[in-house]
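# coords please:
(one chain, ligands or ions: 4)
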Amino acid sequence: MVYRAEYLWIDGSEPTREVRSKTKVLADGDQPGIWGFDGSSTNQATGDNSDVVLNPVFECPDPIRGGDDIIVLCETLLTADFSPHPTNTRAAAVAALAKYGDQEPIFGLEQEYTLMNPGTGWPAGFPPNGFPAPQGPYYCGVGALKIHGRDLIEEHTRACMDAGLAISGTNAEVMPGQWEFQIGPVDTVTVADHLWVARYLLFRLAENHEVEVSIEAKPMKGDWNGAGMHTNFSTKAMREGYDAIITACEAMGADGVAERHLAGYGTGIEERLTGAHETQRYDQFSYGVSDRGASIRIPWQVAKDQKGYIEDRRPNANADPYVVATLMTETCCAALA
Ligand code: ADP
Ligand code: MN
Ligand code: MN
Ligand code: MN
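Ligands and ions are numbered 1, 2, ... in the order given. Alright, predicted model coming up:
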């Protein structure tokens with residue numbers, strides 16, 4: 001049977017990368033191979049040399065179309081020599097995993113996002129000319145006055161499961177209209193591949209619900225929580241002992257390291273990491289057990305068991321997961337080597 005492959009790739013949009021997609025119809029028995037696109041329309045090339053190569057790296061069933069249709073996530077390559085395009089952040093993640101794979105790094109990413117009402121330009125649940133009641137009842141809330149957009153969230157979770165992604169949960173967040181899903185625990189490259197496909201499915205399904213998904217880090221200024229992408233991380237040594245947990249935390253706080261990481265943790269980080277709303281200030285580094293006001297939280301269960309994982313609370317919702325996973329793999333695994 002003739003079938004469709006939805007090719008996805010990450011564009012060159014600044015300051016926040018976005019996912020793009022287009023459809024290829026394939027004959028029965030044909031495999032989705034290398035393809036290309038017009039990079040001058042995605043901030044990835046100039047008009048006089050516009051072709052960029054799409055190289056398939058991860059494939060899964062298309063849960064929206066069903067049947068034989070598939071999704072094909074691609075990395076971008078240069079036509080000249082098939083080397084990684086400058087906007088291809090996956091190649092570095094592959095290299096980091098190849099270098100440190102023997103330490104078995106694994107990640108769980110908590111992708112927060114906000115449903116925006118296209119009519120008002122405000123988050124779902126915010127009245128057109130005012131504000132909802134202050135934060136408190138919304139996190140993991142139940143009921144129509146507290147919850148906005150659950151049908152979409154249910155559809156998205158099901159879609160991720162049907163696609164075979166490593167989705168591990170969802171919850172309503174602290175600000176009205178704000179939600180989260182988690183991907184993990186899987187390796188440095190897989191977690192980011194799955195997160196990008198899950199983002200695509202979310203944006204795509206939202207088209208049918210008359211809401212726009214925003215991964216902006218601080219969609220509502222003032223006394224409203226921002227949106228992050230908490231990054232949970234462990235290596236085999238961290239899963240086996242507490243010394244490795246502390247070594248990883250110390251490595252993240254070493255001279256110059258925090259600055260380098262923050263540069264890759266998404267745009268608008270200063271607006272979100274204010275020291276309020278369950279964050280540490282962007283210009284201070286700390287780690288602590290159960291501390292949601294720290295840069296890095298050691299979950300209480302981990303302190304109790306004396307082994308497990310750490311949670312870097314700093315990455316923004318709008319960060320590129322390939323970049324975040326590469327930074328953490330390199331910093332922690334180098335210190336633990
Ligand atoms: P929070 O309490 O911060 O909201 P969540 O339950 O939303 O935490 O997310 C925790 C994430 O950590 C999940 O994606 C889970 O798969 C992941 N995780 C669990 N154990 C590990 C581990 N050993 N290493 C890395 N990630 C892990
Ligand atoms: Mn969470
Ligand atoms: Mn959260
Ligand atoms: Mn968290």
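
# now do the helices in the stretch 201-337 of the chain.
Applying DSSP state H, counting those that start in this stretch to the stretch 201-337 of the chain gives helices spanning 236-240, 242-252, 257-263, 269-272, 300-305, 321-336.

# nearest to ligand 4, out of those?
Closest approach to ligand 4 among those (CB to the ion): helix 300-305, 12.9 Å. (Glycine included, C-beta is placed from N, CA and C.)

# ok now that closest one, how far from the chain's centre?
Mean C-alpha position of helix 300-305 versus that of the full chain (CA atoms, centre = their mean, to the nearest Å) differs by 26 Å.

# does ligand 4 sit close to that helix?
No. On the criterion CB under 5 Å from the ion, helix 300-305 is out of touch with ligand 4, staying 12.9 Å away.

# in that helix, which residues are buried?
Neighbour-count burial for helix 300-305, counted by 16 or more other CB atoms under 10 Å, picks out V302.

# what is that helix packed up against?
The helices and strands touching helix 300-305, judged by 3 or more CB pairs under 8 Å, 6 or more residues apart in numbering; DSSP states H and E, are helix 242-252, strand 287-289.

# how about residues contacting it?
With CB atoms under 8 Å, 6 or more residues apart in numbering as the test, helix 300-305 has contacts from 242, 245, 289-290, 308-310.

# and for stretch 269-277?
Outside stretch 269-277, the residues touching it (CB under 8 Å, 6+ apart) are 174, 217-218, 221, 223-228, 262, 279-282, 284, 293, 314, 316.

# from the contacts of helix 300-305, list the ones also adjacent to ligand 1.
Subset of these in contact with ligand 1: 308-309, counting by CB under 6 Å from any ligand atom.

# which of the contacts of stretch 269-277 are buried?
Of the contacts of stretch 269-277, these count as buried by 16+ other CB under 10 Å: 174, 217-218, 224-228, 262, 279-280, 282, 314, 316.

# got the residues of the chain near ligand 4?
Going by CB under 5 Å from the ion, the residues of the chain near ligand 4 are 110, 230.

# pLDDT weak spots in the chain?
By pLDDT under 70, the chain has no low-scoring segment.

# ranges for the strands of it?
3-10, 19-26, 35-38, 51-61, 70-78, 106-117, 122-123, 167-172, 178-187, 212-214, 229-234, 287-289, 296-298, 310-312 (DSSP state E).

# for the closest residue to ligand 1 within the chain, list each beta-bridge partner.
For the chain and ligand 1, the shortest gap (CB to the nearest ligand atom) falls at G108, measuring 2.3 Å. Beta-bridge pairing for G108 (DSSP bridges): N232.
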